[in-house]
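# here you go, sequence then predicted model.
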Amino acid sequence: MPAPLEMLLADVQAKKPGAENVLADAVHEELRAMARRHLSRSFGARMGGITIQPTVLADDTLMKLLQQRQVVDGAGHFFALASSLMMRVLIDYHRARKASKRGGGALKVSISPDMDAAAPDSASDVDVEALNGAMDKLAALDQRKADVVRYRILWGFSVSETAAALGIGVATVERDWVFAKTWLAKELSSCQD
């Protein structure tokens, strides 16, 4: 049986030899699946224009996370940090791609009012850099609400999966989700004005 994630994180933080490789092996498949879900949900039919693969996105995210050497307080915190870094990897990817093409449109992600909907509508598309800036502001206001949004939007978790990952109740996730969607809509609309 593989070691629990908390033990692997403690080994990495204690700088035990080989601990980073063991952690990478333990979380790689989950990060890759989350990257695949995020790319599919965010870009849907527009995936043809996206050349970054879920494996590359997961690998880059994990590499950046391990380079940070930040103290991690468990699996929920680890995946919250990973989601934030994954968003930054996508932004860096888009900037490099945009620079190589000398222009191009802004990278858009879909924020569906109902994350369980099969296909978000185009009215819910927002610029990924604007979303990242708004997420930073939301995190400064309330980190837990920002984590709920990251799990729901970036990872594609359901309400119950988000509650389990963050160690909070389903009702709390639902309240945070409603607040965060409203707050983000207001914040993002002010960015477009």
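Received it, and whenever you're ready, just let me know what you need.

# skipping adjacent residues, who's closest to residue 179 in space?
residue 145 (6.1 Å; CB to CB, 6 or more residues apart in numbering). All C-beta spots, glycine's among them, are computed from the backbone N, C-alpha and C.

# can you tell me the SS state at the one you found?
When classified by DSSP: H, G, I helix; E, B strand; the rest coil, residue 145 comes out as helix.

# which residues of the chain score low on pLDDT?
Within the chain, the stretches with pLDDT under 70 are 1-3, 38, 41-51, 94-128, 154-155, 191-193.

# count of neighbours near the residue nearest to residue 179?
By other CB atoms under 10 Å, 23 other residues sit near residue 145.

# likewise residue 168?
In terms of burial, residue 168 registers 16 neighbours under the definition other CB under 10 Å.

# nearest residue to residue 79 other than its sequence neighbours?
Once its chain neighbours are removed from consideration, residue 79 has its nearest residue in residue 165; the separation is 6.1 Å (CB to CB, 6+ apart).

# ok, now which ones touch the one you found?
Contacts of residue 165 were listed using CB atoms under 8 Å, 6 or more residues apart in numbering, and they are 75, 76, 79, 151, 157.

# go again with 7 Å.
The contact partners of residue 165, by CB atoms under 7 Å, 6 or more residues apart in numbering, come to 76, 79, 151, 157.

# give the buried residues for the helix or strand harbouring the first one.
Element membership for residue 76, per DSSP states H and E: helix 75-101. Applying a neighbour-count criterion of 16 or more other CB atoms under 10 Å, the buried positions in helix 75-101 are 75-87, 89-91, 93-94.
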